[in-house]
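**Student:** this one's structure only:
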């Protein structure tokens with residue numbers, strides 16, 4: 001009984017610390033005018049890693065205390081369907097013009113990254129993990145584990161990919177002369193997953209809706225395809 005109480009208290013403390021770190025990161029993001037390098041996910045991760053080195057160096061133990069938060073990522077991902085619902089008339093009208101780019105981007109992005117590791121002779125676990133780099137974190141971690149990859153590394157790949165996509169979006173839009181929120185939203189959702197979608201929401205409601213659609217469709221389809229091909 002004492003052991004269970006101790007675990008409960010430690011878990012509650014770490015969840016409170018996580019929420020505190022996230023609150024601080026939101027303030028930092030707002031003060032920096034939403035600079036991509038100071039994205040709340042990035043800052044929260046850094047702050048939490050610092051705390052683990054000070055309080056509990058065993059990262060695996062800390063992750064065990066945060067299992068509840070990790071479980072909540074699933075329902076949160078489902079909640080992204082709400083902005084999609086508001087844009088259903090637009091999505092029905094565009095049809096294949098929306099679905100096709102999602103499918104093409106969802107296939108090309110992970111395969112291009114995986115091919116680099118493959119030709120460099122990288123460990124298979126890293127290769128399998130890289131295949132999940134462009135699907136949202138809950139799907140990526142579960143799929144990476146299923147494929148024999150590394151769940152924690154999948155989360156890192158997701159964060160780095162999302163930050164790079166958001167940083168390069170203005171340059172890509174300028175080179176390709178893309179000005180519509182729909183196209184920007186699709187790119188952010190397919191390639192930048194959660195971080196990209198959070199950026200799309202700041203652009204406009206329509207960009208957020210298309211990014212959410214791309215994130216959900218790409219995540220589900222890619223996770224199923226990878227599990228079928230390699231699982």
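**Tutor:** Cool, got the structure. Computed from a predicted structure; not experimentally measured. Numbers count the residues shown, from 1 in each chain.

**Student:** how near is residue 203 to residue 183?
**Tutor:** Residue 203 is 11 Å from residue 183, where distance means C-beta to C-beta, to the nearest Å. Heads up, the C-betas are built off the backbone N, CA and C, glycines and all.

**Student:** domains of this protein?
**Tutor:** Domain ranges of the chain: 2-65, 81-230, per automatic domain parsing.

**Student:** and among those, the most buried is which?
**Tutor:** Among the domains of the chain, the stretch with the highest mean neighbour count (mean count of other C-beta atoms under 10 Å) is domain 81-230, at a mean of 19.

**Student:** For this protein, just list every one of the helices.
**Tutor:** Secondary structure of the chain (DSSP state H): helices at 2-31, 40-54, 59-65, 67-79, 81-86, 88-94, 96-119, 124-130, 137-146, 151-176, 181-203, 205-230.

**Student:** possible to save those as a markdown table with mean pLDDT?
**Tutor:** Putting the helices of the chain into a markdown table (pLDDT from 0 to 100) gives the following:
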| stretch | mean pLDDT |
| --- | --- |
| helix 2-31 | 83 |
| helix 40-54 | 85 |
| helix 59-65 | 77 |
| helix 67-79 | 71 |
| helix 81-86 | 66 |
| helix 88-94 | 74 |
| helix 96-119 | 83 |
| helix 124-130 | 87 |
| helix 137-146 | 79 |
| helix 151-176 | 83 |
| helix 181-203 | 84 |
| helix 205-230 | 78 |
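
**Student:** do you know how far residue 187 is from residue 178?
**Tutor:** Looking at residue 187 against residue 178, where the rule is C-beta to C-beta, the gap reads 8 Å.

**Student:** intersection of neighbour lists for these two?
**Tutor:** residue 172 (C-beta atoms under 8 Å, 6 or more residues apart in numbering).

**Student:** Next up, the contacts around the nearest residue in space to residue 220 that is not next to it in sequence.
**Tutor:** Closest residue in space to residue 220, ignoring its immediate chain neighbours: residue 139 at 7.4 Å, by C-beta to C-beta, 6 or more residues apart in numbering. Contacts were defined as C-beta under 8 Å, 6+ apart; by that measure residue 139 touches 77, 132, 219-220, 222-223.

**Student:** rerun at 10 Å
**Tutor:** Remark: with contacts taken as C-beta atoms under 10 Å, 6 or more residues apart in numbering, residue 139 is in contact with 73-74, 77, 132, 154, 158, 193, 215-216, 218-220, 222-224, 226.

**Student:** One more: residue 25?
**Tutor:** Applying C-beta under 10 Å, 6+ apart to residue 25 gives the contacts 38-48.

**Student:** please redo it, this time with the cut-off set to 8 Å
**Tutor:** Listed by C-beta under 8 Å, 6+ apart, the contact set of residue 25 reads 38, 40-44, 47.

**Student:** export those residues to TSV and tack on distance to residue 99?
**Tutor:** Output for the contacts of residue 25, formatted as TSV (distance: C-beta to C-beta, whole Å):
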residue	distance to residue 99
38	34
40	30
41	28
42	31
43	35
44	33
47	39
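
**Student:** With respect to residue 149, which of these is nearest?
**Tutor:** Within the contacts of residue 25, proximity to residue 149 (C-beta to C-beta) peaks at residue 41, which comes in at 20.4 Å.

**Student:** what sits against the closest one?
**Tutor:** Residue 41 touches 25, 159, 162, 194-195, counting by C-beta under 8 Å, 6+ apart.
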